[in-house]
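# dropping a prediction and its sequence here:
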Amino acid sequence: MIIVMSVGATEQEANNVRDLIKGVGLSPHDNYGTQRVVIAVLGDVGPLRDHLMSKLSTMPGIESVTPISRPFKLASRESHPEDTVIEVRGTRIGDGSLSIMAGPCSIEGRDMMLETARTVAAAGATILRGGAFKPRTSPYAFQGLGVEGLRYLAEAGEATGLPVITEVMEPGLVDVVSEHSDILQVGTRNMQNYSLLTAVGKAGKPVMLKRGYGATIEEWLMAAEYIMSSGQPQVILCERGIRTFETYTRNTLDLTAVPLLHHLTHLPVIVDPSHATGKRWLVRPMALAAVAAGADGIMVEVHPNPNEARSDGEQSLTFEQFAEMASAIHQIHAMVRTLIKDPFVNSGSVSVGGASQH
Ligand code: PEP
Ligand code: MN
């Protein structure tokens, strides 16, 4: 349930609403990014809806009360009609511009991190990526440089002026990763690690939540809801492919997620064609397609010498390939903004769940 206070409502009137919500055992949550005071009611509203509606109808200072039909509340577009725009170190994500997150899969050393950072920055990257704590399928594979890697990433961010993003794999590492990174990344394997989601939600930094490789869009948005209800409204969603029966690609890139998410939620949507395809030559066409579908940006892996990369070399772009791709996606982006339309945004009555096989 969302309660929009009138423009001239007093703080006392808003407090009366908050007290009513708390009085029935639910939590009031102030929404950000709107001109008026907007209070979301969190908790199991169902059994209390009629009681709340009748009380609220007698209270002054309220403009409207809207039930939220989706199970994800703070993430839902119903609760926050405007797009969420995230600003990190002067770079905006979700404002209609094209975000390009680029860098190596793993930070392998200081020199390679700095060289990659300078090259991708010059070629149009807006955010620098690099893995310091690596979730690897094999315990014998390179696990990342850990805190040493975080330092190289932060230094490369300073040297280029780019904000940086890196993955945090466990709650106990959230503090140290937050000290070095502007954005916290939760990886596909941890999308439903609820203690991690709660911990990153309390860290005070924007979070990029990658889609679990076996997660539905609703499960993914419920995971975002964990982060948001823990206190962090700035969440970026990253589609990185899901597991299907197909084996020619590492995962299957679900590009329908882009318009679907823009319909369902106000959060920015990024696409990672590197992990989705697992093949370098497929990254460019899928990056173009992602931007054409309306993605707010892409994340791609780039390495000075992909054949010698310690992880994900097969899907990493060379410097030249990255520069060429960055220029190509800007051309698509320039065209697509005026063409993308969500026919349902204003009708508000379309069911997008439960598609069945025919
Ligand atoms: C990554 O981006 O470094 C990564 C490990 O991706 P994913 O969690 O999508 O596999
Ligand atoms: Mn990788």
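Arrived safely. Ligands and ions are numbered 1, 2, ... in the order given.
# would you map the helices across the stretch 251-358 of the chain?
257-264, 273-277, 280-292, 319-336 (DSSP state H, counting those that start in this stretch).
# of these, which is nearest residue 91?
Comparing the helices of the stretch 251-358 of the chain against residue 91 with C-beta to C-beta, the closest turns out to be helix 319-336 (14.9 Å). Glycine gets a C-beta too; all of them are placed from N, C-alpha and C.
# look up how far residue 15 lies from the residue lying farthest from the centre of the chain.
Distance from the C-alpha centroid of the chain peaks at residue 58, with 38.9 Å (C-alpha atoms, centre = their mean). Separation of residue 58 from residue 15 (C-beta to C-beta, to the nearest Å) stands at 16 Å.
# how many residues are close by whatever residue of the chain ends up closest to ligand 1?
Sorted by distance to ligand 1 under C-beta to the nearest ligand atom, the residues of the chain start with residue 187, at 2.9 Å. As a burial measure, residue 187 scores 23 neighbours (other C-beta atoms under 10 Å).
# flag every residue of the stretch 201-350 of the chain that's near ligand 2.
Among all residues of the stretch 201-350 of the chain, those adjacent to ligand 2 (criterion: C-beta under 5 Å from the ion) are residue 312.
# need the residues of the stretch 201-350 of the chain near ligand 1, please.
Residues of the stretch 201-350 of the chain lying close to ligand 1 (C-beta under 6 Å from any ligand atom) are 210, 240, 272, 275.
# from what I can see the last one touches residue 249, true?
Just to be clear, that refers to residue 275. No. Because the distance of 10.3 Å does not satisfy C-beta atoms under 8 Å, residue 275 is recorded as not touching residue 249.
# between the two, tell me which one has more neighbours.
Set side by side, residue 275 and residue 249 show unequal neighbour counts under other C-beta under 10 Å, the larger going to residue 275 at 24 against 16.
# just list the residues touching the more buried one, thanks.
Counting by C-beta atoms under 8 Å, 6 or more residues apart in numbering, residue 275 makes contact with 188, 240, 241, 250, 251, 301, 312, 315.
# quick one: residues contacting the second one.
Neighbouring residues of residue 240 by C-beta under 8 Å, 6+ apart: 188, 210, 211, 213, 251, 271, 272, 275, 276, 299.
# ok, now residue 95?
Under the criterion of C-beta under 8 Å, 6+ apart, the contact partners of residue 95 comprise 83, 85.
# can you tell me the SS state at it?
Three-state assignment for residue 95 (DSSP: H, G, I helix; E, B strand; the rest coil): coil.
# what pLDDT does it get?
Model confidence at residue 95, expressed as pLDDT, equals 95.
# from residue 268, how far out is it?
As for residue 95, its distance to residue 268 is 9 Å (criterion: C-beta to C-beta).
# next: residue 231.
When residue 231 is compared with residue 268 (using C-beta to C-beta), they lie 19 Å apart.
# compare those two (neighbour count), which wins?
Under the neighbour definition other C-beta under 10 Å, residue 231 and residue 268 were set side by side, and residue 268 has more, 26 against 12.
# nearest spatial neighbour of that one, skipping sequence neighbours?
Distances taken as C-beta to C-beta, 6 or more residues apart in numbering place residue 94 nearest to residue 268, at 3.2 Å, with adjacent residues excluded.
# ok, that neighbour - how many residues close by?
For residue 94, the tally of surrounding residues (other C-beta under 10 Å) stands at 20.
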